[in-house]
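Asker: Any chance you could fold what I've pasted below:
(one chain, ligands or ions: 1)
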Amino acid sequence: MMKKMLMVTSALALGLATTAAKADPEAEVLHWWTSGGEAAAVKVLMEEFNANGGTWTDMPVAGGGGDAAMTALRARVLSGNAPTAVQLKGPSIQEWYEEGALGNIQDVAEAENWDELLPEAIQYHLKCDGEYCAAPVNIHRIDWIWSNSDILDEAGIEPPKNWDEFNAAAEKLQGMGILPLAHGGQAWQDATLFEAVAVGLGGPDFYRKALVDLDQDALKSDTMKQVFDQMRTLRGYVDDNFSGRDWNLATAMVINGEAAFQIMGDWAKGEFIAAGKEPGKDFYCSSPSGGAYLYNVDSFAFFNVDGEDRQAGQKLLAKLTMGENFQKVFNLNKGSIPARLDVSMDEFEFCGRQSNADLNEAIDNGFLLPSYAHGMALRGAQAGAITDVVTAHFNSDMSAEQAVEQLANAVAASQ
Ligand code: BGC
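Answerer: Model prediction:
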């Protein structure tokens, strides 16, 4: 009996000693999730982190698409004070790694079996020299058309599934005095439209050649001219005040019935959901891409930081990010779908399940395509060169011929 008590006491003492030696996890997290749906999503991770003994310092940088956040990040890294974790994606993860700024979370990834849990098609985005250096939170689909169901039903219009149907619907609505397209005139939003048009009009092979491989023939092709012509057509469907408008304000216009459509990634669905709207009832989702799927994986990259508490914070955050419950709840709010393959889609609504089914089909068909506009396909300078031309064309009377020439030249100069 005495012996047993002694053992219990020493085990307790050992437990206490271990706790005292452990650093309390801390994380300063830089992200650009500031809209209603986005903030609800990131709060899930913040709460889980704190509930697991961590201390979360939030560093939100407003500005859709993340341009402002990336400027803030560079300033922090240059001043030798990188945040613990940063919302980052695509080749910019590897670019930061090449600059020597990123740490490695391979030990967490191995312990938690990430290679088994993540689709092979997205793993390479998260690895640096073959080892995990970022943890994914989701898979967003970009090429969506969101529509106000009351407007469409009253006008007798089905959710458009290609650009001809979209144009026909928009003409009809314009004739009825209804604004067809809610758009925010910021360069990244113009680029979002452009890539959805490119994949829908040109098909997956054209998209890959032009916007992933940067093939000069594809960039100069007649198909690319048609893409710019369709951009000009879309420009005719937006209101006069679109310039500079934030994406979530454009979503609000569809939610409130001020416009029929928005073309935007499924973070827009997060806004509908945050406003208490139901897919199939209050709004519709459709894709103009004929089986192709433009994706974007948000993830956290972990920068080199000093201090055991911050390093412990990185490991805890990496582990929680890939947790099954987190991947479900975060994505129910965010509008995206889980990156983990084993999360049940039962609690997801129609558009989420559709996204998941389309993703799997696109993987099988080879139609899964990285979004250029959301930093998944190209290095920053190359993507920037394309976006400059796209936005210059959209906001002027530049012809499609001129745009195509400028595009091919700008891409060549950026390589
Ligand atoms: C990000 C999303 C974000 C959206 C709007 C995208 O680039 O991947 O997570 O919601 O921008 O800011």
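Asker: Please list the residues of the chain that sit near the ligand.
Answerer: Within the chain, the positions adjacent to the ligand are W32, E38, G64, G65, G66, H140, W247, W267, N296, D298, H374 by CB under 6 Å from any ligand atom. For glycine as for every other residue, the C-beta is placed from the backbone atoms N, C-alpha and C.
Asker: For the ligand, what's its nearest residue on the stretch 251-400 of the chain.
Answerer: W267 (3.4 Å; CB to the nearest ligand atom).
Asker: nope, the stretch 101-250 of the chain is what I was after
Answerer: Taking CB to the nearest ligand atom, the stretch 101-250 of the chain has H140 as its residue nearest the ligand, at 5.5 Å.
Asker: So what are the sheet partners of the helix or strand hosting that residue and their directions?
Answerer: Assessed by DSSP states H and E, H140 sits inside strand 140-141. Strand 140-141 has the following sheet partners, assigned by DSSP bridges: strand 293-296 (antiparallel).
Asker: Provide the contact partners of the partner strand at residue level.
Answerer: 89-90, 122, 139-143, 195-196, 199, 207, 265, 287, 358-359, 361-362, 367-371, 374-376 (CB atoms under 8 Å, 6 or more residues apart in numbering).
Asker: Go again with 6 Å.
Answerer: The contact list for strand 293-296 (CB atoms under 6 Å, 6 or more residues apart in numbering) reads 139-140, 142-143, 199, 358-359, 362, 368-369, 371, 374, 376.
Asker: for stretch 62-70, same thing?
Answerer: W32, T34, V61, W188, D246, W247.
Asker: do the same with stretch 196-209
Answerer: Contacts of stretch 196-209 (CB under 6 Å, 6+ apart): 143, 163, 215, 218, 223, 226-227, 230, 263, 288-289, 292, 294, 367, 369.
Asker: If any of those residues are buried, put those into a PyMOL selection.
Answerer: Listed next is the PyMOL selection for buried residues among those, using 16 or more other CB atoms under 10 Å:
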select buried, resi 143+163+215+218+223+226+227+230+263+288+289+292+294+367+369
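Asker: which two in the contacts of stretch 196-209 are spaced the farthest apart?
Answerer: D215 and I263 (25.0 Å; CB to CB).
Asker: about what we covered before: so of the contacts of strand 293-296, which ones are in helices?
Answerer: Using DSSP state H, the members of the contacts of strand 293-296 that fall in helices are V199, D358, L359, A362.
Asker: Widest-spaced pair of those?
Answerer: Largest separation among the ones in helices among the contacts of strand 293-296 by CB to CB: V199 and L359, giving 14.4 Å.
Asker: More neighbours: which of those two?
Answerer: Set side by side, V199 and L359 show more neighbours around V199, with 28 against 20, by other CB atoms under 10 Å.
Asker: how near is that one to G290?
Answerer: 8 Å (CB to CB, to the nearest Å).
Asker: Q123 too?
Answerer: Taken as CB to CB, the span from Q123 to G290 is 27 Å.
Asker: who's more crowded, the two?
Answerer: Each of Q123 and G290 has its neighbours counted (other CB under 10 Å); Q123 has more, 17 against 13.
Asker: Could you give the residue of the stretch 1-150 of the chain that lies closest to the ligand?
Answerer: Counting by CB to the nearest ligand atom, the stretch 1-150 of the chain gets nearest the ligand through G64, at 3.7 Å.
Asker: burial measure for that residue, as a count.
Answerer: 24.
Asker: For the stretch 251-400 of the chain, which segments count as strands?
Answerer: 261-263, 283-286, 293-296, 299-302, 368-370 (DSSP state E, counting those that start in this stretch).
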